[in-house]
Every structure is written in structure tokens, then in C-alpha cells.
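Novice: Requesting a structural model of the entry that follows:
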Amino acid sequence: MPQGPPFLPAHVVGEAPQNLYSFFDSHSPVVTQLPPGTPVRIVAERTPWARVQVPAGLVVWVYGTYVDTLNHIGTLNATHVRARPLPSTGSESHPVGQFEKGDVVTVLESEGDWLQVLAPETLGAWIPLSALEKTPTLSAKEDQLAWEKVWTEVAKIRRAIWIPPVPEGAEESEITQEEDVAGLLILEEPEETEKFVFPSENEIFGDSLAALELAETRTKRHADAVVKELHSYETETVENLERIYSTLLLHDANTQVLLRSRQGLDKLDALQRFREAALLARGRRAELHGETILAEATARALAPMPLTGTNSLEKHIWVGWMEYRPHLHSRAPFVVTRGSRAITTRSYDGRYFLKDVVGKEVVIEGIWRTDADVPGERILAVTQLRVLPRRYEK
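Specialist: All right, here's what the predicted structure looks like:
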């Protein structure tokens, strides 16, 4: 059973399917129906209603701008994004709940600017308490495993409604849900392949459009491989792709090059979030089943990967949002963040007033330094800084 907030196990009763509503009101939109016997997790009660999670999750609609999609796998790129029963913001489509940044969904179809997705099981909906029968608390491990087995079997049946199962004996061509990732992927190393030689900085400067097209092609190829098999993720490849996009963002003036380079970094960040979510799901399942070796291997794979540039005076380019965090390091309070990664930065020569660019998206080129003000952490000493044009969303 996945780890998460406490819940009370129950199942649907009655002789007919029961409606799940987006709100604790029978006049609110119906999200789905559950047949009798379906197991649910009660995560909140507001008598006479209960908010429940269901096996395989709920099918809902989300505005496409907030989803980064790779091969039908979507990753939320913003927080507090509403999940709706219909592709509309009208009263007939009262939100079921909210997605958080990094949530992984399966994209089923699109309609205009909206995407229909199979949401994580953590997204719940409301059902009358009278339609449920609560079961005893799962205190014994045997009871937990039995409950999980029933839940998993029902989840497979419900998921097959929207996602056709892979024929027995066929190769897995696409990962369809975070839960599947936990059971299908392995931690073995990929086979040795011929290393691709990425362009140097001078080659990027010489033909920026060719470098960009190369990076976009390699990004798609690498993302396709990782979505198919998680262990195909290569840190070196991702860092080289980031280097191309970041170099272009630092030096190029072409609007389309800047736009596409930003999109390239966004896709790499989405790929990293997808990988982390998949590893977390697998690690939780391994812990539940007492598979210590697999759980430890997953934890190692999730350990932060050091950035390139371990030697003093080695140059590094980083793109992100400038933040002011004096509560972390009062003498080195400026941090540039992107996704789940953050780099402490400092302008030692005083050429750049970092406080003037707080809240802006910047590209920083610098060299790694150690500093007594921030023990145990590397600081990127700024040598060049560019504030990127504001992103205009349609």
C-alpha cells in the first residue's frame, strides 16, 4: 500500500454503481461511478459525506499549459492546478481537487487547450457515507498485504478501461502510470554504447541553430528511451544538453532560439521529475514488501547528483530564478533555483548587484568556489549574468 496520509479502508456497498462527486453536494458534477465491492480509501469525512481515493485514480481534465508531456506521460509544472470533471472552467465543472508541481499523470486525450488525464490515486472525490462500509483498521501486516492485493487487482481492471494492457509476452513500449513504474523497472546498468560527442562552446557559437536542433533531437531521443526504460537515464547526457541550451540562453539574441532553449530545459526538468517520481514509487513498494536490497538501490539512485565542475576555476552555466534566502546563509543569501535544484551564487567583484534581479529568470556563468561563509557547499562565483526576457504565455 503506498505510503501517504492515514486513511480508513472501506468498500462500496449496494446493488447499483454509486456516484462520486466533485464536491460534497449531490448537485455537483459526477466524476465517475464505482460498482459495488470497489475498495476505497477514506481520507476525510464531512458527515454525511466521505472523500475517498480509488484504485488507479480518477480521470479528470487539466489545462494543458500546466502539463509537460512526453509520450503520453505528463508532469505538472505548477502548483495548485485545478483538476476538473469537464474541459471547462464553468460552474458545471467544479474542481475535484488540485494537482501539485511534479505530479505525474497519464495523458489520455486532448480537447482544445485541455488534456484529459488519469490522475494519481492521491486525488480524491466525494461519495455519501451511506454508500460505504468501513472495514477494520489494517494493523497486521498480513491484513495490509491482503488489502493491497485486492486494491492492485481492482486498479488493473479500472486502468484497463482507459489504457489497453500490454499483451502477454510483448515488450513494454510505454510507461503508463506511476504505479506501473514501481513494478516494471529495474536498476541494472545500461549496456555500453558509443558515446555521442557534444559540440564545444566554439562550435555552439559558430552555428547556434545547428546546435539547438542537435540538442532538441537528442533531448527527444533520450526522453523516449527513459520513458521506455528508466535505467536509460544518463546524467552526462542530460548535463551536456543543459550546457547547450544554457550557452545559447547566455549569448544568443534570437527570440526563437531563446524560446526553444527554454523549452528544452523545461523538458529536461520534466524528465528529471518523471524519473524521481518513478523511483519514489518503486522505493515505496519495495519497502512495503520488505525488499531491502531494492529499496536501498532505489535510495542510492535518488541521491542528489553532483553538478559538473568540481575543480576550482572550472566554468559552469546555470539557468534559473534568482531568490533571496537570508535565512539559509546570511552572508551568501542569493540562490538561483530551477526545478528541485538550487545553486548558491555570489558576485565577489561587486560587478553585479544580485538583489536587483531577485524574482527574475537569469543565466549565470561562473566558476566554482568554496567559501567560509557557507561551509560544506560550493558557490558559483558570477563572471557573467544575463536577465532573460519575460516569458509571455498565451
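Novice: How many residues are close by residue 330?
Specialist: 9 (other CB atoms under 10 Å). Bear in mind the C-beta positions are built from the backbone N, C-alpha and C, glycine included.
Novice: Could I get the phi/psi values of it?
Specialist: Note on residue 330: its backbone torsions stand at phi -60, psi -30 [degrees, to the nearest 10].
Novice: Okay, helices next: where are they in the stretch 51-200 of the chain?
Specialist: With DSSP state H, counting those that start in this stretch, the ranges of helices along the stretch 51-200 of the chain come out as 141-162, 178-184.
Novice: need the longest helix for this structure.
Specialist: For the chain, the helix reaching the highest residue count under DSSP state H is reported as helix 255-288.
Novice: between that helix and helix 141-162, how big is the angle?
Specialist: When axes from the mean of the first three to the mean of the last three CA atoms, to 10 degrees is applied, the directions of helix 255-288 and helix 141-162 differ by 140 degrees.
Novice: Return the most buried member of the helices of the stretch 51-200 of the chain.
Specialist: helix 178-184 (a mean of 19; mean count of other CB atoms under 10 Å).
Novice: Can you tell me which helices and strands the helix or strand following that one packs against?
Specialist: Downstream of helix 178-184, the first helix or strand assigned by DSSP states H and E is helix 201-206. Helix 201-206 sits against helix 235-251, with contacts defined as 3 or more CB pairs under 8 Å, 6 or more residues apart in numbering; DSSP states H and E.
Novice: Okay, buried residues for the helix it packs on please.
Specialist: Within helix 235-251, the residues that qualify as buried are 237-251, counting by 16 or more other CB atoms under 10 Å.
Novice: of the residues you listed, closest to residue 58?
Specialist: Distance to residue 58, by CB to CB, is smallest for residue 238 among those, at 32.3 Å.
Novice: Just confirm that closest one contacts residue 222, I think it does.
Specialist: Yes. Counting by CB atoms under 8 Å, residue 222 is a contact partner of residue 238 at 7.3 Å.
Novice: got the domain boundaries for this protein?
Specialist: The chain breaks down by automatic domain parsing into domains covering 8-158, 201-302, 315-387.
Novice: Including mean pLDDT, could those domains go into CSV?
Specialist: Formatted as CSV, the domains of the chain follow (pLDDT from 0 to 100):
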stretch, mean pLDDT
domain 8-158, 89
domain 201-302, 85
domain 315-387, 89
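Novice: From residue 270, how far out is the most centrally placed residue in the chain?
Specialist: The residue lying closest to the centre of the chain (CA atoms, centre = their mean) is residue 102, at 3.1 Å. Remark: distance between residue 102 and residue 270 (CB to CB, to the nearest Å) = 9 Å.
Novice: Likewise for residue 364?
Specialist: In terms of CB to CB, residue 364 sits 22 Å off from residue 270.
Novice: Neighbour count for these two, which is higher?
Specialist: Shown here are residue 364 and residue 270; by other CB under 10 Å, residue 364 has more neighbours (27 against 23).
Novice: what about the more buried one, helix or strand, and which?
Specialist: Residue-wise, residue 364 maps onto strand 361-370 under DSSP H and E.
Novice: what's the next secondary structure element after that strand?
Specialist: strand 378-387.
Novice: Who are the packing partners of that next one?
Specialist: Contact here means 3+ CB pairs under 8 Å, 6+ apart; on that basis strand 378-387 packs against helix 235-251, strand 315-324, strand 341-346, strand 361-370.
Novice: Once you drop chain neighbours, what's closest to residue 43?
Specialist: residue 7 (5.0 Å; CB to CB, 6 or more residues apart in numbering).
Novice: I figured that neighbour was touching residue 50, is that so?
Specialist: No. Using CB under 8 Å, residue 7 is not in contact with residue 50, being 10.4 Å away.
Novice: Please enumerate the shared neighbours of the two.
Specialist: With contacts defined as CB atoms under 8 Å, 6 or more residues apart in numbering, the residues shared by residue 7 and residue 50 are residue 42.
Novice: So for those two, which residue has more residues nearby?
Specialist: Using other CB under 10 Å, the more surrounded residue of residue 7 and residue 50 is residue 50, with 25 against 17.
Novice: give me every residue that touches the more buried one.
Specialist: 10, 42, 44, 126-129, 132.
Novice: Produce a PyMOL select command limited to the buried residues of these.
Specialist: Command for PyMOL that selects the buried part of these, burial taken from 16+ other CB under 10 Å:
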select buried, resi 10+42+126+127+129+132
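Novice: Just the closest of the contacts of residue 50 to residue 256, please.
Specialist: Of all these, residue 256 sits closest to residue 126, with 46.5 Å by CB to CB.
Novice: how close does the closest one sit to residue 10?
Specialist: Separation of residue 126 from residue 10 (CB to CB) stands at 13 Å.
Novice: okay, and the common contacts of these two?
Specialist: Joint contacts of residue 126 and residue 10 (CB under 8 Å, 6+ apart) are 50, 52.
Novice: Give me the number of neighbouring residues for residue 259.
Specialist: 13.
Novice: and stretch 33-42, which residues are buried?
Specialist: Within stretch 33-42, the residues scored as buried using 16+ other CB under 10 Å are 34, 38-42.
Novice: just stretch 379-394 next, same as before
Specialist: Buried residues in stretch 379-394 (16+ other CB under 10 Å): 379-383, 385, 388.
Novice: With stretch 45-65 instead?
Specialist: 49-64.
Novice: wait, which of those is closest to residue 277?
Specialist: Distances from residue 277 to the buried residues of stretch 45-65, taken by CB to CB, are shortest for residue 57, at 13.6 Å.
Novice: re the thing from before, redo the buried residues of stretch 33-42 as TSV? Include distance to residue 116.
Specialist: Output for those, formatted as TSV (distance: CB to CB, whole Å):
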residue	distance to residue 116
34	19
38	21
39	24
40	22
41	23
42	26
